[in-house]
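Engineer: give me a model of this one.
(one chain, ligands or ions: 2)
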Amino acid sequence: MSQVATSYLQTLEKSLYDLVSETSTNLPADVRRAIKKAKEAENAGTRAAMSLDTITNNIVMAEDNVSPICQDTGLPTFKVKTPIGVNQLEIKAAIKNAIVQATSDAKLRPNAVDSLTGKNSGDNLGEGLPVVKFEQWEKDYIEVKLILKGGGCENKNIQYSLPCELEGLGRAGRDLDGIRKCILHSVWQAQGQGCSAGFIGVGIGGDRSSGYDLAKEQLFRPVDDVNPNADLAKLEEYIVEKANTFGVGTMGFGGEATLLGCKIGVMHRIPASFYVSVAYNCWAYRRMAIDIDATTGEIKKWHYQEGEKVTFRDEPKTETNSESKVVELTAPITEEQIRELKVGDVVKINGRMYTGRDAIHHHLMSHDAPVDLNGQIIYHCGPVMAKDENGNWTVKAAGPTTSIREEPYQGDIMKKFGIRAVIGKGGMGPKTLAALQEHGGVYLNAIGGAAQYYADCIKSVDGVDLQEFGIPEAMWHLNVEGFTAVVTMDSHGNSLHADVEKSSLEKLSQYAERVF
Ligand SMILES: O=C(O)C[C@H](O)C(=O)O
Ligand code: SF4
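Structural biologist: Ligands and ions are numbered 1, 2, ... in the order given. Got it, this is the predicted structure:
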C-alpha cells in the first residue's frame, strides 16, 4: 500500500475514533440548550429541579473526564454518505477499529451481547454490530453521523397501527388527528423509564421497519429546526407543549419538563397499513456528525455546534429540597430502619452495595448468592469499568438501569436473601410494591444517565462475582460515599410511580377531543 493510502486510513480511523469519543462524552450544543430550557421551567427546590442539577453536573463531569455521559453507550449506529468512488469497505473497517479502540479506552461500555448464548463479545463487535448504513451522494466529502441510543429509551419506542384504541384518548383514526393522539400517547406511556425529559423522533407511514428507520432519522435533526411541512411543524409544536402538561417530569418524579423535542417525518404507505412509529430518546441524547475530507481523512466540520454551547459551569448552587427528610444509611440495614422511610425521603448511602441487573436476578432465582445479602443493598447498574496501572478495577461510569425489567424476580429475591433496599430508576410494579410491604423493603430511585456523578460516589471496588456474565452484568462489590437517591416506593404500600402514572393519565385524557 502506498504511503498516501496508509496515512488516509490512519487519519480516517482517528477521525472516527474522535467522533465516537466525543459523542459518548460531550453533549452537543442544541441538546444542551434544550436541557437548559427544562431547568428554567422547573421551580427551584423541587425534586425535578434537583434531578436536573444532577444531570447538568454530570454533563460537566463527563466533558471534563472525557468519560461516558451515561454508562449505557447504546447500540452504535453510523450513517455514512460517500462521494462516488470512495471505498466503503475501508470506511466500515475503520469504524470497527475505532469502536474496538474506544471500548478498550472505556469511552464505550462493552455492549454487544450474543442473543442466543448471552455472551458479551467484550469489544462491541458482533453479528450485525455496529450498525453501519451507507449512501452515495454528489458532494466531494464524506459525512458520518453517529447515534449512541441506550437500551432504556429504546425499550420505550412504540409503533401504532391505525386505527387503534388508546388509553385515555379513545379511537385514533387514519388521519392527522389520529396521528396526534398516537404521539401524545407515546410520550405518556414512556413515563420516566426512558430517562425523561426526552426527545422523540416520529415516522408516519412506511412499513414496520422503514417506519422506525424514518423515526430514528428524525433524531438526527437539530433540536431547534423547523419542519418544512407546515402541518407537521404545527403538530411538533403542539406535542411538545401538551406533553409538558402531563406532569411526568424528570425521571418521572413529576414536574414541568417531560418532553424536550419532537421531530416528525412522513413517507408514503401501502393502502392496508398505516403506522405511526415513535423512537424515544433519553435526555442523554448522544448523536453527533462530522464531515470528513475524502482525500486526507481529516475532520472538516462538526455538526450540531452552531449557536450558544451552554457549559453548565456557573450554575447557582443547588437549593436543598426543604420538604425532604435526609436519611443516612449503611448496610446491613434493619427492617426497622426501612419501615421508617417514606416516599419522598432522600437517602444518602455510605459503605457497601452490590450491583445486580438482568443476568444476576435471573441467576439468583435458582442459585445461592455468592455473598451474604442479608440487610444489603442491590444497585441495578451495569457500569463501565477499567483497570488502573496496578491492575485494580476502577469505575468509569455507573448510573442506574431501568428497574422494571426485574419486576418478575425482585420481590422473590428480596425475600429469599433478606435484601432491604434496591436502587434503580423508573420504578417497579405492583408485585415488588407488595413484597416491599410484606418483607420490609424500599425502592430508591437514582438519576438515570448520571453515570459520572455516581461513579464519583464510588470510592473503591472491593470485589466482583459472576464476571462470566460480562462487565455490565457481573456482581460488583462497591464501596460508596454519599450516594444519593430518593425513596419512590416504600414499605407502606406507597409508590410515587403509580401516583404519577395515574395523574398523568388524567392529563392525557384532556386531549381526547379532535384538534386537527
Ligand atoms: O443498560 C443500562 O445501563 C441502562 C439502560 O440504558 C437503561 O436505561 O435501562
Ligand atoms: S440509563 Fe437513561 S440516560 Fe442512560 S441510556 Fe438508558 S435511558 Fe438513556
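
Engineer: burial measure for the closest residue to ligand 2 within the stretch 401-516 of the chain, as a count.
Structural biologist: As assessed by CB to the nearest ligand atom, ligand 2 sits closest to Gly449 within the stretch 401-516 of the chain, at 2.9 Å. Where C-beta positions appear, they are placed from N, C-alpha and C, glycine not excepted. By other CB atoms under 10 Å, 32 other residues sit near Gly449.

Engineer: also Gly170?
Structural biologist: Gly170 has 11 nearby residues by other CB under 10 Å.

Engineer: surely the residue of the stretch 401-516 of the chain closest to ligand 2 is in a strand?
Structural biologist: No. Assignment of Gly449 by DSSP: H, G, I helix; E, B strand; the rest coil gives coil, placing it outside any strand.

Engineer: show me what counts as buried in stretch 132-139.
Structural biologist: With burial defined by 16 or more other CB atoms under 10 Å, the residues of stretch 132-139 counted as buried are Val132.

Engineer: what does that stretch contact?
Structural biologist: 77-84, 88, 91-92, 95, 143 (CB atoms under 8 Å, 6 or more residues apart in numbering).

Engineer: any of those residues buried? List them.
Structural biologist: Looks like those have 77-82, 91, 95, 143 buried, using 16+ other CB under 10 Å.

Engineer: so who does the residue of the stretch 401-516 of the chain closest to ligand 2 touch?
Structural biologist: Gly449 touches 55, 58, 69-70, 195, 282-284, 399, counting by CB under 8 Å, 6+ apart.

Engineer: same question for Ile404.
Structural biologist: 193, 426-429.

Engineer: reformat these as TSV; add neighbour count and pLDDT.
Structural biologist: As requested, the contacts of Ile404 are exported to TSV (neighbours: other CB atoms under 10 Å; pLDDT from 0 to 100):
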residue	neighbour count	pLDDT
Gln193	26	97
Gly426	27	97
Gly427	27	97
Met428	27	98
Gly429	17	97
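
Engineer: secondary structure and distance to Gly411 added to those, as TSV?
Structural biologist: As requested, these are exported to TSV (DSSP: H, G, I helix; E, B strand; the rest coil; distance: CB to CB, whole Å):
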residue	secondary structure	distance to Gly411
Gln193	coil	19
Gly426	coil	17
Gly427	coil	14
Met428	coil	9
Gly429	coil	10
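
Engineer: mind listing what Ala359 touches?
Structural biologist: With CB under 8 Å, 6+ apart, Ala359 has these contacts: 118, 466, 469-470, 473.

Engineer: actually Thr296, not the one I wrote
Structural biologist: Contacts for Thr296 (CB under 8 Å, 6+ apart) come out as 7-8, 11.

Engineer: quick check: it vs ligand 1, distance?
Structural biologist: Note on Thr296: its distance to ligand 1, by CB to the nearest ligand atom, to the nearest Å, is 36 Å.

Engineer: cool, and Glu165?
Structural biologist: For Glu165, the distance to ligand 1 - CB to the nearest ligand atom - is 29 Å.

Engineer: count the residues that sit near the residue nearest to that residue when sequence neighbours are not counted.
Structural biologist: Residue nearest to Glu165 in three dimensions, not counting chain neighbours: Arg171, with 5.9 Å by CB to CB, 6 or more residues apart in numbering. Burial measure for Arg171: 12 neighbouring residues, criterion other CB under 10 Å.

Engineer: wait, a strand at Arg171?
Structural biologist: Yes. Membership of Arg171 in a strand is supported by three-state DSSP.

Engineer: give the contact list for it.
Structural biologist: By CB under 8 Å, 6+ apart, the contact set of Arg171 is 163-165, 178.

Engineer: what kind of secondary structure is Met251 in?
Structural biologist: The three-state label for Met251, taken from three-state DSSP, comes out as helix.
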